[in-house]
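K.L.:
With the sequence up front, the predicted model follows.
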Amino acid sequence: MAILIDHNSNIIVQGACTRRGGLILEDMLDYNANVCAGVCYLERKISQVRGVSLYRHLADAVNDMPEINVSVIASHAYSVLQNALEAMEAGIKLLIINSQFVPLRDVALIAQEARKHNATVFGPDSAGIITPDQSMTGSMGGIHALSIFRRGSTGVISRSNGLLNELSLVLKKNNLGISTAVALGTEKILMTDFVATFERFNNDKNTDVVVMLASPGGAFEEDFAAYYKELKNPKPVIAFIPGRFIDRLKEGVSFGHISSMVYRNSGSPGHKAQVMKNAGITIVDFIQQIPQLIKTL
């Protein structure tokens with residue numbers, strides 16, 4: 001059992017002819033994910049990539065292959081809104097937006113439409129989702145996915161694409177593995193947060209513990225802590241919060257991604273750590289501490 005994706009995930013790549021989309025398509029095929037088709041919005045004469053058919057319109061692909069149930073969007077930022085609406089109107093219920101710098105207004109509109117269509121959307125700038133040995137959507141670990149991710153019973157929810165890969169390698173070196181790893185996205189607005197993703201893990205019989213890889217800025221972790229504190233007998237959660245040096249920066253300074261904006265106390269790594277500890281979540285200072293904690297739990 002896994003959450004979100006498994007052997008039955010039939011994937012389409014929207015924006016398959018962009019540089020980013022082409023790389024993602026190759027990575028998923030290398031992982032033996034079931035990529036059914038791609039959508040090429042550009043004028044190209046290419047009709048196939050490694051046996052995967054490329055269409056000009058998503059509706060044509062879904063008409064030929066109605067089993068498609070997952071879309072990875074890797075198109076240009078200003079095309080993402082149109083592509084996401086196209087996918088939801090075609091009945092696709094799981095969307096992973098890999099594209100970066102999507103306008104905030106477009107993100108808000110996609111989130112609104114997702115609620116209407118009962119669709120789950122991750123991103124923007126989500127590396128994807130992986131259930132080791134079953135399927136991968138997006139580009140988790142790039143060309144190294146086969147060597148980084150090992151099947152196990154640890155669920156991972158991450159705001160950082162890079163840290164997720166690092167954690168997976170650390171777990172593997174300690175003979176531990178992952179049930180499913182989910183990259184929420186790195187930008188200011190998320191369309192699916194820690195709470196909604198943890199609920200899936202909490203109901204997954206093959207997940208014993210959940211690791212959260214947080215980020216400075218925003219209040220997503222604090223919202224999760226308030227939710228987690230009210231649960232009865234939830235699965236244990238271990239959290240790593242990077243960027244502790246941000247606590248020493250001047251108020252209002254943004255470091256790195258836009259999600260790193262800190263206002264007063266809210267969103268600072270130190271404040272997040274304290275709030276999460278108070279909710280019963282185990283906080284670690286280094287990712288390398290996580291394997292031993294998992295074994296103890």
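P.N.:
In hand now; what should we look at?
K.L.:
Which elements pack onto the helix or strand residue 137 falls within?
P.N.:
Residue 137 belongs to strand 135-138 when assigned by DSSP states H and E. Where contact means 3 or more Cβ pairs under 8 Å, 6 or more residues apart in numbering; DSSP states H and E, strand 135-138 is packed against helix 19-30, strand 70-73, strand 94-97, strand 128-131. Bear in mind the C-beta positions are built from the backbone N, C-alpha and C, glycine included.
K.L.:
just checking, residue 151 touches residue 133?
P.N.:
Yes: under the criterion of Cβ atoms under 8 Å, residue 151 is in contact with residue 133, at a separation of 4.8 Å.
K.L.:
immediately after the strand holding residue 137, which helix or strand?
P.N.:
Remark: after strand 135-138, the chain's next helix or strand is helix 145-148, criterion DSSP H and E.
K.L.:
can you list the residues that contact the following helix or strand past that next one?
P.N.:
Secondary structure here is assigned by DSSP H and E; on that basis, the next helix or strand after helix 145-148 toward the C-terminus is strand 151-158. Applying Cβ atoms under 8 Å, 6 or more residues apart in numbering, the set of residues contacting strand 151-158 from outside is 3, 132-133, 164, 167-168, 171, 176-184, 194, 197-198, 201, 204, 206-213, 294.
K.L.:
Go through those residues and flag which are in helices.
P.N.:
Applying DSSP state H to the contacts of strand 151-158, the entries found in helices are 164, 167-168, 171, 194, 197-198, 201, 294.
K.L.:
Out of those, the closest to residue 20 would be?
P.N.:
Nearest to residue 20 among the ones in helices among the contacts of strand 151-158: residue 164, at 17.9 Å, using Cβ to Cβ.
K.L.:
ok, the residue lying closest to the closest one once chain neighbours are set aside to residue 87 distance?
P.N.:
Leaving out its chain neighbours, the residue that sits closest to residue 164 by Cβ to Cβ, 6 or more residues apart in numbering is residue 158, at 4.0 Å. Going from residue 158 to residue 87 by Cβ to Cβ, to the nearest Å gives 23 Å.
K.L.:
Next one: residue 268 relative to residue 126, how far apart?
P.N.:
24 Å.
K.L.:
more crowded one of the two?
P.N.:
It is residue 126, of residue 268 and residue 126, that has more neighbours when counted by other Cβ atoms under 10 Å, with 32 against 22.
K.L.:
residues touching that one, list them.
P.N.:
Contact criterion Cβ under 8 Å, 6+ apart gives 96-98, 138, 161, 183-186 as the residues in contact with residue 126.
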